[in-house]
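*Asks:* kindly return the folded structure for what I paste below:
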Amino acid sequence: MAAIRFQSTEATKAATTTEEYDVVIVGGGIAGSALACALASAKASGTLKVALIEAFDLSNHINFSPRPDQYSNRVSSLTPKSVAFLKKIGVWSELDLSRVAACEGMQVWDGVSGARITFDAANVDGVQSSFLHQVFSGNVPTPPGVNNNTNQETLDSSNKEASPLAWMTENLHVQYGLQKQIVGHQARGIKLDVFEKTKVQGITTGQGESAQLPKGDWPAVQLDNGKTLVTRLLVGADGVNSPVRSFAKIESLGWDYSQFGLVATLQIDPSTSTAPGQGRGIAWQRFLPTGPIAMLPLNNGYASLVWSTTPKIAQDLKKLPARDFCALVNAAFSASPAELEYLYKNIGPDGQPLVDFQKEIEWRTGVRDAEMSQTMVRGSSSSQGDDKPPRVVDVQENTRAPFPLRMRNSSSYVEDRVVLVGDAAHTVHPLAGQGLNQGLADVECLTRVIETSLLSGSDIGNIHSLTPYSSERFLPNLAMLGTVDKLSKLYNTDFGPVVWARSLGLTAVDKMGPIKNEIMRFAMGLEEPSNRT
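*Replies:* Take a look at the predicted model:
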């Protein structure tokens, strides 16, 4: 394998030097690395000189080779549209598809009323459309020199009967594929420089000079290795606290939720994951008054947990012994909010349970099952539904991690010679699992906009050239953020009239095929934006 052309602070401490680039991307996460790959693979932009700056060690992603029974705790749901884009830029073929799980359905229900909605990819009108056929048959256009056939037989064989709602895989796995592509582009002579383990010390203007542009027009990025990168276009892919956004004086609007998210990697009981409608391939989400809990399918008998709750409960969950934590996760998908509140209050300051969680949960489950049996004998159906998520038997060591939840949207995505993508532009509550997909959609759109500017002979950094990107991405992102925020607030209460109204709506939507179909198509990225450039 060709050596990646990484430059780091340790290797380049020297006299201050200035280098000129067409595009400088600050932030080597998934959005930033995907943009670097997309620009390198596109015919029109492949001749651009691009720099990617990342404070952490990107070269470690090349060595990503965990055991089949080990999963990192940050897992993302990739829509078919995101998969199509990753295929187009050659990244999908770099992934180990044994670490990619198909999500063929989703069960979502109200933790207070039991009202439920079921999503099944096989029932989505247009799933076998030409768009998805291209995605899963490997016919998405690919750049010269990129082989998209690697592991394709595995991918095709898993999708002959029904295309999934989404694909689940680790963020580190996607980063691995991106860095592999960067290696390949550099080996082919693409002008793509990666500055890893390198921090941005400042961003100014006034140091750029070009035959076509007046001095002082281009941003100048000062690095802690002594280099200054002067660029025609500066891209902020540097996260929620974006220095690039601050440099451009773009305001970030939004708020922090009074919630934390807790992620973990779970091992599930195989005997509870083989019944119809259960186990691998199904995502489960229950809305509780303290926040939603979701279990996402992984391969090899594992699942990924995303539990949104109060900051205190999140910290207590992190400290609980593994046995009690698993018992509480199982209870969170079936017990009443009052029962869960009792268990939360019986977690000591040191994280040790003050009661026997196993016995408490078994007793309460027995009482609940008996009541349900009596209800069924009287001829009534249970509002909880028959489907239950697989039982959790263990949690992978050191995978429990809490993080604060917030919503942000920048007042603008572009300024002259500056553009924002991913979390630097917007941050969404994780309950819909759309954050990464939004970032990849940003990158796909920006790549198209840059290509259009190049083909027309326009300056790629001019705000007039960048405006189509903002026009296409701002409103869809804002709509997603607003919808998810309203859902979060709607379900963050057990007030009777609100519970009745939302349950009535959820049950009604579940019975309205066309409306539910549109929701699924939107979530899968099948609905094309109407304001394409």
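*Asks:* residue 259: what's it in contact with?
*Replies:* Residue 259 makes contact with 290-291, 308-311, 314, 404-405, according to C-beta atoms under 8 Å, 6 or more residues apart in numbering. From N, CA and C alone the C-beta is placed, and that goes for glycine too.
*Asks:* which among the residues you listed count as buried?
*Replies:* Of the members of those, the ones counted as buried by neighbours, 16 or more other C-beta atoms under 10 Å, are 290-291, 308-309, 314, 405.
*Asks:* for those, which one is nearest residue 174?
*Replies:* Comparing the buried ones among the contacts of residue 259 against residue 174 with C-beta to C-beta picks out residue 405 as the nearest, at 21.7 Å.
*Asks:* now residue 509: how far from residue 517?
*Replies:* Here the criterion is C-beta to C-beta, to the nearest Å. By it, residue 509 lies 11 Å from residue 517.
*Asks:* picking up where we left off before, out of the buried ones among the contacts of residue 259, which one sits closest to residue 491?
*Replies:* The nearest member of those to residue 491, counting by C-beta to C-beta, is residue 291 at 8.2 Å.
*Asks:* now that closest one. Nearest residue, chain neighbours left out?
*Replies:* Ranked by C-beta to C-beta, 6 or more residues apart in numbering and with sequence neighbours excluded, the top spatial neighbour of residue 291 is residue 308, at 3.3 Å.
*Asks:* tell me the gap between the helix or strand hosting that neighbour and the middle of its chain.
*Replies:* In this assignment (DSSP states H and E), residue 308 forms part of strand 302-309. On the basis of C-alpha atoms, centre = their mean, to the nearest Å, the separation between the geometric centre of strand 302-309 and that of its chain is 14 Å.
*Asks:* in CSV, could you pull the C-alpha coordinates for that strand?
*Replies:* Backbone C-alpha positions of strand 302-309 (Å, rounded to 0.1, in the frame of the first residue of the first chain) are rendered in CSV as follows:
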residue,chain,number,x,y,z
TYR,A,302,-24.3,-7.0,18.7
ALA,A,303,-26.3,-3.8,18.8
SER,A,304,-25.6,-0.1,19.3
LEU,A,305,-27.3,1.9,22.0
VAL,A,306,-28.2,5.6,21.9
TRP,A,307,-30.0,6.6,25.1
SER,A,308,-31.1,10.2,25.5
THR,A,309,-31.9,11.1,29.1
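*Asks:* and it, what does it pack onto?
*Replies:* Using 3 or more C-beta pairs under 8 Å, 6 or more residues apart in numbering; DSSP states H and E as the contact test, the elements touching strand 302-309 are strand 252-268, strand 291-297, helix 311-319, helix 322-332.
*Asks:* need the contact list for the residue positioned nearest the centre of the chain.
*Replies:* Ranked by distance to the mean C-alpha position of the chain (C-alpha atoms, centre = their mean), the top residue is residue 436 at 3.1 Å. For residue 436, the contact set (C-beta under 8 Å, 6+ apart) comprises 30, 76-78, 82, 171, 174.
*Asks:* and residue 300, by the same measure?
*Replies:* Contacts for residue 300 (C-beta under 8 Å, 6+ apart) come out as 68-69.
*Asks:* can you check residue 23 too?
*Replies:* In this structure, residue 23 makes contact with 39, 48-51, 231-233, 235, 450, 460, judged by C-beta under 8 Å, 6+ apart.
*Asks:* just among those, which is most surrounded?
*Replies:* For the contacts of residue 23, neighbours were counted by other C-beta atoms under 10 Å; the highest total belongs to residue 235, with 30 neighbours.
*Asks:* ok, that residue touching residue 422?
*Replies:* No: contact status for residue 235 versus residue 422: not in contact, 9.8 Å apart, counting by C-beta atoms under 8 Å.
*Asks:* give me the common contacts of those two.
*Replies:* Taking C-beta under 8 Å, 6+ apart as the contact criterion, the residues that touch both residue 235 and residue 422 are residue 32.
*Asks:* who are the packing partners of the one helix or strand residue 503 maps to?
*Replies:* When elements are assigned from DSSP H and E, residue 503 belongs to helix 496-511. With contacts defined as 3+ C-beta pairs under 8 Å, 6+ apart, the secondary structure elements packing on helix 496-511 are strand 105-110, strand 116-120, helix 513-523.
*Asks:* rounded mean pLDDT for stretch 448-468, please.
*Replies:* Along stretch 448-468, the predicted local confidence has a mean pLDDT of 96.
*Asks:* pLDDT below threshold where in the stretch 151-300 of the chain?
*Replies:* Scanning the stretch 151-300 of the chain with the threshold set as pLDDT under 70 gives 151-162, 206-216, 273-280.
*Asks:* just the strands from it, written as ranges.
*Replies:* Listed in chain order, the strands of the stretch 151-300 of the chain (DSSP state E, counting those that start in this stretch) span 166-170, 192-196, 200-205, 219-223, 227-236, 252-268, 282-288, 291-297.
*Asks:* which parts of the fourth one are buried?
*Replies:* Of all the residues in strand 219-223, those buried under the rule 16+ other C-beta under 10 Å are 219-223.
*Asks:* now find how far off-centre it is within its chain.
*Replies:* If you compare the mean C-alpha spot of strand 219-223 with that of the full chain, they lie 29 Å apart, counting by C-alpha atoms, centre = their mean.
*Asks:* now do it: everything it contacts.
*Replies:* For strand 219-223, the external contacting residues (C-beta under 8 Å, 6+ apart) are 9, 18, 24, 26, 53, 195, 198-208, 228-231, 234, 247, 417-418.
*Asks:* filter those residues down to the buried ones.
*Replies:* Judged by neighbour count, with buriedness set by 16+ other C-beta under 10 Å, the buried members of those are 9, 24, 26, 53, 195, 198, 200, 203, 205, 207-208, 228-231, 234, 247, 417-418.
*Asks:* for residue 292, name its beta-bridge partners.
*Replies:* Counting by DSSP bridges, residue 292 forms beta bridges with residue 287.
*Asks:* what's around it, how many residues?
*Replies:* Applying other C-beta under 10 Å, we find 24 other residues in the vicinity of residue 292.
*Asks:* what residues are up against the residue nearest to residue 219 when sequence neighbours are not counted?
*Replies:* Spatially, and ignoring its direct neighbours in sequence, residue 219 is nearest to residue 234 (4.3 Å; C-beta to C-beta, 6+ apart). In this structure, residue 234 makes contact with 24, 26, 203, 219, 221, 244, 247, 417-419, 461, judged by C-beta under 8 Å, 6+ apart.
*Asks:* repeat for residue 423
*Replies:* Under the criterion of C-beta under 8 Å, 6+ apart, the contact partners of residue 423 comprise 29, 31, 239-240, 242, 408, 435, 439.
*Asks:* thanks a lot, see you next time.
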